[in-house]
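Chemist: Everything below, folded, please.
(one chain, ligands or ions: 2)
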Amino acid sequence: MNYYSLNHKAPNTTFKNAVIKGIAPDKGLYFPETITALPKSFFDSIDNLSHSEIAFEAIKQFVSPEIPEEILKTIVEETLSFDFPVVKLNKNISTLELFHGPTMAFKDVGARFMARCLGYFNQNNDREVTVLVATSGDTGGAVANGFLGVKGVNVVILYPSGKVSDIQEMQLTTLGQNIKALEVHGTFDDCQDMVKTAFLDEALTSQMQLTSANSINVARWLPQLFYFMFAYKQLHKQHKDIVFSVPSGNFGNICAGMMAQQLGLPIKHFVASNNANNVVTRYLISQLYEPKPSIQTISNAMDVGAPSNFIRIQEIYKNNFDALKSNLTSYSYSDKETKEAMLEMYKNYNYVADPHGAVGYLGCKDYLKEKPNAHCVFLETAHPTKFLDVVEEVVQVKQALPSQIQSVMGKEKESTIISTYDDLKAFLLKK
Ligand SMILES: Cc1ncc(COP(=O)(O)O)c(C=O)c1O
Ligand SMILES: N[C@@H](CCOP(=O)(O)O)C(=O)O
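Modeler: Numbering: from 1, shown residues only. Ligands and ions are numbered 1, 2, ... in the order given. Sure thing, here's the model as predicted:
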């Protein structure tokens, strides 16, 4: 599959090049030249397919011919070696738990898939690759885990100082080896801007091979479409109108869900559930796309003021506002509402949700007021214990720590503080 830049000022390129470069030379995000829907027979027989078989069929067109089918089968099998359960809360609301991987966030899927693709492409390459990642909380940990010890790959993670949870910080600052963490005085958007600037800086790119492991990178973004299919498989016999409420920040996850829909997955509607960082909620009301500096909230991984992937969403809908609006609703919630939702889920369903999932749950509730016959699935995008302070304060019950979280507790943090792009550049050049 070839990919084009959404800035339309760079040549089209292969999947391999798109993965290795991360972002196009004109700073545009890559997008597949074609999207071919899967045959109806695929969805009719989905009950008989394993997760790996579903994922293989879904991603094949986007990665071939550069990744041979036998290699791709191994990549998806290794990527998906954990569960994706759907838990029913009531007759209209379920949650798709995406936190059963090694770092307990949905990012594990994309990070593991991308690490394996890059490993495959890089196997005969003597040149080291530096993977730059901006994180508001979970991407950093997932990428660190996915790339730990991968030969020929150095990972540099930029995160906003004081704006990620304690456990998230431990996950991205304690691994050592080929993983380095930069603690940035600023917001997630500042981190993301620095990363994008680095890709355009010839003084850097002439000396090192840089790539991105954010959802900017197609190998990180596209595999996120898999679990929308897994949820459909679990629900389609009982429910006709399946709606996904996706807690959204950089909008990579919901955009991948829309790609699953483009492949023919019968999804009725999407809800983009936002915290106070609500540029898309406002856009769907005003038609004005007005990014603002990000605001700090308790659902910190969604504290994104200028979501990278919105441009991909507009491409899917051919920049047609009405077409987008007929498939996407968006709501925004305060921290107070988020905490109330966490308490409500705990009291009514004995379900402990994290603050991001709680924003998704609120999106389901509001959507169901409009369409009471739908079945709304909110994505539980991270395990509640990653946000221990907030969760224990709300439910007032001490939470048991899963082994994935215990494994980073008490380890020594190693990070370098930076403030400006020049600091980042100096750090990269000195390595
Ligand atoms: C727990 C959690 N929920 C939601 C999001 C938002 O996802 P996206 O950036 O793909 O919109 C993130 C960050 O990506 C996250 O870590
Ligand atoms: N919420 C993310 C922000 C980066 O999103 P990405 O999907 O573009 O990597 C995080 O947790 O870091």
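
Chemist: for stretch 44-55, which positions count as buried?
Modeler: Ile46, Leu49, His51, Ser52, Glu53, Ile54, Ala55 (16 or more other CB atoms under 10 Å). The C-beta positions use only the backbone N, C-alpha and C, and glycine is treated the same way.

Chemist: whoops, I mixed them up, stretch 124-133
Modeler: Those would be Val129, Thr130, Val131, Leu132, Val133, for stretch 124-133 by 16+ other CB under 10 Å.

Chemist: and the second one, what does it touch?
Modeler: Contacts of Thr130 were listed using CB atoms under 8 Å, 6 or more residues apart in numbering, and they are Val153, Asn154, Val155, Val156, Met208, Gln209, Leu210, Thr211, Leu428, Lys431.

Chemist: Filter those down to the buried ones.
Modeler: For those, buried by 16+ other CB under 10 Å: Val153, Asn154, Val155, Val156, Gln209, Leu210, Thr211, Leu428.

Chemist: As JSON lines, those with distance to Asn253 and pLDDT would be great.
Modeler: Converted to JSON lines, the buried ones among the contacts of Thr130 look like this (distance: CB to CB, whole Å; pLDDT from 0 to 100):
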{"residue": "Val153", "distance to Asn253": "24", "pLDDT": "92"}
{"residue": "Asn154", "distance to Asn253": "26", "pLDDT": "95"}
{"residue": "Val155", "distance to Asn253": "21", "pLDDT": "97"}
{"residue": "Val156", "distance to Asn253": "23", "pLDDT": "98"}
{"residue": "Gln209", "distance to Asn253": "27", "pLDDT": "93"}
{"residue": "Leu210", "distance to Asn253": "24", "pLDDT": "94"}
{"residue": "Thr211", "distance to Asn253": "20", "pLDDT": "93"}
{"residue": "Leu428", "distance to Asn253": "28", "pLDDT": "96"}
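
Chemist: Strands - which of those residues land there?
Modeler: Judged by DSSP state E, strands contain the following of the buried ones among the contacts of Thr130: Val153, Asn154, Val155, Val156, Gln209, Leu210, Thr211.

Chemist: rewinding a little: got the buried residues of stretch 44-55 as CSV, with pLDDT columns?
Modeler: Listed next are the buried residues of stretch 44-55 as CSV, based on pLDDT from 0 to 100:
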residue, pLDDT
Ile46, 98
Leu49, 98
His51, 98
Ser52, 98
Glu53, 98
Ile54, 98
Ala55, 98
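
Chemist: Leu379 is in what secondary structure piece?
Modeler: strand 375-380 (DSSP states H and E).

Chemist: Can that strand be said to contact ligand 1?
Modeler: No - judged by CB under 6 Å from any ligand atom, strand 375-380 stays clear of ligand 1, getting no closer than 7.6 Å.

Chemist: which residues are in contact with that strand?
Modeler: Contacts of strand 375-380 (CB under 8 Å, 6+ apart): 86-87, 92-99, 106, 231, 235, 238-247, 253, 271, 273, 353-354, 356-357, 360-361, 363-364, 367-368.

Chemist: Near whichever residue of the stretch 301-431 of the chain sits closest to ligand 2, how many other residues are there?
Modeler: Residue nearest to ligand 2 within the stretch 301-431 of the chain (CB to the nearest ligand atom): Ala301, separated by 3.8 Å. Counted with other CB atoms under 10 Å, the neighbours of Ala301 add up to 31.

Chemist: Quick one: classify it as helix, strand or coil.
Modeler: State at Ala301, reduced to three classes by DSSP: H, G, I helix; E, B strand; the rest coil: helix.

Chemist: how far away is it from Tyr159?
Modeler: Ala301 sits 11 Å away from Tyr159, taking CB to CB, to the nearest Å as the criterion.

Chemist: One more: Ala341?
Modeler: With CB to CB as the criterion, Ala341 and Tyr159 are 26 Å apart.

Chemist: what bridges to the residue nearest to Leu284 when sequence neighbours are not counted?
Modeler: The spatially closest residue to Leu284, leaving aside those adjacent along the chain, is Ser330, at 5.1 Å (CB to CB, 6 or more residues apart in numbering). Note on Ser330: beta-bridge partners by DSSP bridges are Ala272.

Chemist: Quick check, Ser330 in contact with Ser286.
Modeler: No - using CB atoms under 8 Å as the test, Ser330 is too far from Ser286 to be in contact (11.9 Å).

Chemist: related to what we said a few turns ago, wait, the residue of the stretch 301-431 of the chain closest to ligand 2 sits on His356?
Modeler: Yes - with contact defined as CB under 8 Å, Ala301 reaches His356; the gap is 6.1 Å.

Chemist: can you list residues touching both of these two?
Modeler: In contact with both Ala301 and His356: Thr381, Ala382, using CB under 8 Å, 6+ apart.

Chemist: quick revisit: so how far is ligand 1 from the residue lying closest to the residue of the stretch 301-431 of the chain closest to ligand 2 once chain neighbours are set aside?
Modeler: Once flanking residues are discounted, Ala301 sits nearest to Gly137: 3.6 Å by CB to CB, 6+ apart. Counting by CB to the nearest ligand atom, to the nearest Å, the separation of Gly137 from ligand 1 is 5 Å.

Chemist: Next, count neighbours for Phe42.
Modeler: Phe42 has 18 nearby residues by other CB under 10 Å.

Chemist: How many neighbouring residues does Lys268 have?
Modeler: 16.

Chemist: Using PDB, list the CA coordinates for stretch 74-91.
Modeler: The C-alpha trace of stretch 74-91 is given here as PDB (Å, rounded to 0.1, in the frame of the first residue of the first chain):
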ATOM      1  CA  THR A  74       3.500 -13.700  13.500                       C
ATOM      2  CA  ILE A  75       3.400  -9.900  14.100                       C
ATOM      3  CA  VAL A  76      -0.300  -9.800  14.800                       C
ATOM      4  CA  GLU A  77      -0.200 -13.000  17.000                       C
ATOM      5  CA  GLU A  78       2.600 -11.600  19.100                       C
ATOM      6  CA  THR A  79       0.900  -8.200  19.300                       C
ATOM      7  CA  LEU A  80      -2.400  -9.500  20.500                       C
ATOM      8  CA  SER A  81      -1.300 -11.900  23.200                       C
ATOM      9  CA  PHE A  82      -3.800 -10.600  25.800                       C
ATOM     10  CA  ASP A  83      -7.600 -10.300  26.300                       C
ATOM     11  CA  PHE A  84     -10.000  -7.700  25.000                       C
ATOM     12  CA  PRO A  85     -13.200  -8.400  27.100                       C
ATOM     13  CA  VAL A  86     -16.500  -6.600  26.700                       C
ATOM     14  CA  VAL A  87     -18.200  -6.100  30.100                       C
ATOM     15  CA  LYS A  88     -21.900  -5.300  30.100                       C
ATOM     16  CA  LEU A  89     -23.000  -2.700  32.600                       C
ATOM     17  CA  ASN A  90     -26.700  -2.600  31.700                       C
ATOM     18  CA  LYS A  91     -28.800  -3.400  28.700                       C
END
